[in-house]
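>>> attaching a predicted model along with its sequence, questions to come.
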Amino acid sequence: MNSSLRKLSCSLISMFFSLATLHAAADDTEIFFTDTGGVVQPNILFILDKSGSMGTEVSNNESRLDVMQKVMSDLLDTMTDVNVGAMYFGGNEGGYFLSAVKDIDLVRSSLKTSINNLSAGGNTPLAESTFEAMRYFQGGSSFIRDSNVSGVMTGDKYNSPIEYECQPSNIVLLTDGQPTQDTNHNETIEGTVGACSGNCLDEISLHMFNNDMSSEQRGPQAVRTYTVGFATDQTLLSNTADNGGGKYLLANDTDSLKEAFKNIYTDILATSATYSAPGIAVNTFDRLNHLDALYFSLFQPANGPRWAGNLKRYKLAIQENQTTGLKEAVVVDAAGRAAVDPATGFFKEGAQSWWGGVQDGRDVTASGVSSQHKDANSDRKVYSNLSAQQADLTNSANALVTSNNQITKAMFGDSSMSDATLEALINWTRGMDITDGDTDGLTSDSRKFVADPLHSVPHLIVYGGSEVAPDTSVFFGDNQGFIHGIDGETGATHFSFIPKDLLVNQSTLRTNATAGAKVYGMDGAVVSWVKDDNRDGNIVAGDGDFAYIYSGMRRGGSNYYALNVTDPDSPQFQWIIQGGSGDFAELGQTWSKPVKTKIVLEKTVREVLIFGGGYDVTWIRTTQRHAP
């Protein structure tokens, strides 16, 4: 199946603004909100050295090129949610394309093959190759030679990979030597970047970082440059990274090169992807409009299994553009100020989201839902589907607490762990600050923490209230494994539900080893089926109304879960579809967002969920391993 996600452009925020005037085709069984289901994927173009010196032996009969090929193959296997392409140099002059910059899931296998087919030889034209890359990002004409690699050019023009106005673009340049045969086209290069002092490489990176690289998008589109000195330490490479807003790293062997690339990848994610599409509620009091509250799920990439996240509220307002004098929709903060920097697509440093009372700006962990956790951890409503006899998650048999004898050591992955270890894991999982991370001298209070909702866009249900004060709840998943139900007005938590199948991840997440792989939990989209039987705008169980939510695990696993949230303070566990067993034995990772609809089956109208067959990791890995 097609496992790629629809991507969010920061320019799509303006599309959300226009929703205020669109008709919402809702009926009595659905409350809709608009989402694009993803995040802007950063562009990464690798420029790799295959010059003659890359044939130099490192150790164990492995050359520098062998090491680079091995490390790049491993890196590409771990990369997700990025667009990747590659060039190489090592001919007489200039650089050559191996792949256009595309979604990693589309090019992973072919790019690994192309890189592994390189052989050492030729020169080191660093500046010429990077200038060619700049032309590519600009969507301009070729510099030294055209490319016939699929997707790189149309006619005599490059196809720029910059698709969105706030999409980060990056170059990662690796070399093991000083530039050679790199001055034949200096006049052309200087005509664009200005006079060069010595080699033009650092002037090119400065130009790409300080100037607009895409006239097709609003605002300045910069390209950031990272450099890796492999068995070489050069001032030129250091200056290039400094001028280009990136980092300069050194490597001498497999381990250090692997660490260098990992650090660059993490840095690109950390400076690129911090929030997904906002959740917007349909105005049930006026179906022609949407409510003005915006809810953003945020995340902060990091080294290790556990990433920090949050949910923050902002508002949509109509303000006058000071330059054009025209009225336009703007995301504003709690003080009514424009909250998003149009040049970067990120929240402004002085912006203040709705909950927390401080200027949190781009700080993912400040304010938001995490700041509204009850101080006394014992008061937090944390549940799991622990009892087959109790659908009511608020029943003590489903409470994630140390006194619940439904909880076993095996659920947390180690039947031989001590009682003290189990108790600590349960308390940590439910959010207790057992190590006094906030240094307040207490170890029984709450950690003000929410894990990353990487792909889980906030999903809203309006339960009633009024247009001025709607009764709204927000639902989203995170990669610790929780589905959270949040009061849309106060930010307080109705409940946090973690499937018992994900308790096994908690020890790894608690340890959070720096070298550990990213852990995924309830990372899928949340959808709902809401029925307002008498269409009075209030969801009341006694009137025959209900609200159900459904979510898959995406990369976290192969299950779908259903909860009854008709009363969000008293959630009920409805059912689980377990991939890999029974009728769903061939269901893979549940990347597919379910679609709630109706079908006619055997002349009877049935309410159904429709979703894809999943992402089969075993099949994908086997196919790639045996690919030609």
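Alright, I've got the coordinates. Numbers count the residues shown, from 1 in each chain.

>>> looking at this structure, which helix or strand is least sure?
Least confident helix or strand of the chain, by mean pLDDT, DSSP states H and E, is helix 12-18 with a mean of 37.

>>> got the contact list for whichever helix or strand comes after it?
Scanning forward in sequence from helix 12-18 by DSSP states H and E, the next helix or strand is strand 43-49. Contact partners of strand 43-49, identified using CB atoms under 8 Å, 6 or more residues apart in numbering, comprise 68, 72, 82-90, 95, 101, 115, 118, 124, 129-130, 133, 136-137, 161-162, 167-177, 230, 265, 268. C-beta coordinates here come from the backbone N, C-alpha and C atoms, glycine included.

>>> strands - which of these land there?
If you go by DSSP state E, the contacts of strand 43-49 have 83-89, 95, 101, 169-175, 230 in strands.

>>> in PyMOL, select just the buried ones from these.
In PyMOL, this line selects whichever of the ones in strands among the contacts of strand 43-49 come out buried by 16 or more other CB atoms under 10 Å:
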select buried, resi 83+84+85+86+87+88+89+95+101+169+170+171+172+173+174+175+230
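
>>> tell me the angle of the longest helix that the chain contains relative to strand 43-49?
Longest helix of the chain, by residue count under DSSP state H: helix 254-272. Interaxial angle, helix 254-272 versus strand 43-49 (axes from the mean of the first three to the mean of the last three CA atoms, to 10 degrees): 150 degrees.

>>> export the helix or strand just after helix 254-272 as CSV, just CAs?
The element immediately downstream of helix 254-272 (helix or strand, assigned by DSSP H and E) is strand 293-300. Provided in CSV are the C-alpha atoms of strand 293-300 (Å, rounded to 0.1, in the frame of the first residue of the first chain):
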residue,chain,number,x,y,z
ALA,A,293,-9.8,28.3,18.2
LEU,A,294,-6.8,26.5,16.7
TYR,A,295,-5.1,23.6,18.4
PHE,A,296,-1.6,22.6,17.4
SER,A,297,0.2,19.4,18.4
LEU,A,298,3.9,20.1,18.7
PHE,A,299,7.0,18.0,19.0
GLN,A,300,10.7,18.4,19.5
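
>>> show me how far strand 293-300 is from its chain's centre.
With CA atoms, centre = their mean, to the nearest Å as the basis, strand 293-300 stands 12 Å off its chain's centre.

>>> got the angle between that strand and helix 254-272?
Using the same axes, to 10 degrees: strand 293-300 against helix 254-272 is 160 degrees.

>>> strand partners of the longest strand seen in the chain, parallel vs antiparallel please.
Counting by DSSP E, the longest strand found in the chain is strand 308-320. Strand 308-320 has its sheet partners listed here by DSSP bridges as strand 293-300 (antiparallel), strand 327-332 (antiparallel), strand 450-451 (antiparallel).

>>> now tabulate those strands in a markdown table and tack on distance to Ala251, mean neighbour count and mean pLDDT.
Listed next are the strands paired with strand 308-320 as a markdown table, based on distance: least, CB to CB, whole Å; neighbours: other CB atoms under 10 Å; pLDDT from 0 to 100:
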| stretch | distance to Ala251 | mean neighbour count | mean pLDDT |
| --- | --- | --- | --- |
| strand 293-300 | 26 | 24 | 90 |
| strand 327-332 | 41 | 17 | 88 |
| strand 450-451 | 32 | 27 | 96 |
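
>>> let's have those in a markdown table, adding distance to Ala376.
Output for the strands paired with strand 308-320, formatted as a markdown table (distance: least, CB to CB, whole Å):
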| stretch | distance to Ala376 |
| --- | --- |
| strand 293-300 | 26 |
| strand 327-332 | 34 |
| strand 450-451 | 18 |
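
>>> between those strands, which one is nearest to Asp543?
strand 293-300 (25.3 Å; CB to CB).

>>> quick one: contacts of the longest helix of the chain?
For helix 254-272, the surrounding residues in contact (CB under 8 Å, 6+ apart) are 40, 42, 44, 58, 62, 67-68, 70-72, 74-75, 79, 81-82, 168, 170, 172, 224, 226, 228, 230, 246-247, 249-251, 300-303.

>>> mind listing the helices for the protein?
Using DSSP H, helices in the chain cover 12-18, 64-78, 104-116, 126-138, 186-193, 201-210, 235-243, 254-272, 368-371, 419-429, 506-511, 617-625.

>>> which of these comes out lowest on mean pLDDT?
Lowest mean pLDDT within the helices of the chain: helix 12-18, at a mean of 37.

>>> right, and the strands paired with strand 308-320 - which one's nearest Lys348?
strand 327-332 (10.1 Å).

>>> pull the distance from that closest one to the chain's centre.
With CA atoms, centre = their mean, you get 25 Å for strand 327-332.

>>> using CSV, write down the CA coordinates of it.
Listed next in CSV are the C-alpha coordinates belonging to strand 327-332 (Å, rounded to 0.1, in the frame of the first residue of the first chain):
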residue,chain,number,x,y,z
LYS,A,327,-7.9,42.4,5.9
GLU,A,328,-6.4,39.0,6.4
ALA,A,329,-6.8,36.0,8.7
VAL,A,330,-4.0,35.7,11.2
VAL,A,331,-3.0,33.2,13.9
VAL,A,332,-2.9,35.2,17.1
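
>>> going forward can the numbers begin at 621, since that is how I track them
Fine by me, first position is 621 from now on; the one you just mentioned is strand 947-952.

>>> got the helices of the chain as CSV, with distance to Val1077 columns?
Putting the helices of the chain into CSV (distance: least, CB to CB, whole Å) gives the following:
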stretch, distance to Val1077
helix 632-638, 12
helix 684-698, 24
helix 724-736, 19
helix 746-758, 29
helix 806-813, 41
helix 821-830, 31
helix 855-863, 35
helix 874-892, 18
helix 988-991, 15
helix 1039-1049, 24
helix 1126-1131, 22
helix 1237-1245, 24
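
>>> kindly reformat these as JSON lines containing distance to Gln942 and mean neighbour count.
Listed next are the helices of the chain as JSON lines, based on distance: least, CB to CB, whole Å; neighbours: other CB atoms under 10 Å:
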{"stretch": "helix 632-638", "distance to Gln942": "17", "mean neighbour count": "17"}
{"stretch": "helix 684-698", "distance to Gln942": "45", "mean neighbour count": "19"}
{"stretch": "helix 724-736", "distance to Gln942": "40", "mean neighbour count": "18"}
{"stretch": "helix 746-758", "distance to Gln942": "30", "mean neighbour count": "26"}
{"stretch": "helix 806-813", "distance to Gln942": "33", "mean neighbour count": "15"}
{"stretch": "helix 821-830", "distance to Gln942": "25", "mean neighbour count": "24"}
{"stretch": "helix 855-863", "distance to Gln942": "33", "mean neighbour count": "20"}
{"stretch": "helix 874-892", "distance to Gln942": "28", "mean neighbour count": "19"}
{"stretch": "helix 988-991", "distance to Gln942": "29", "mean neighbour count": "25"}
{"stretch": "helix 1039-1049", "distance to Gln942": "49", "mean neighbour count": "17"}
{"stretch": "helix 1126-1131", "distance to Gln942": "46", "mean neighbour count": "18"}
{"stretch": "helix 1237-1245", "distance to Gln942": "51", "mean neighbour count": "11"}
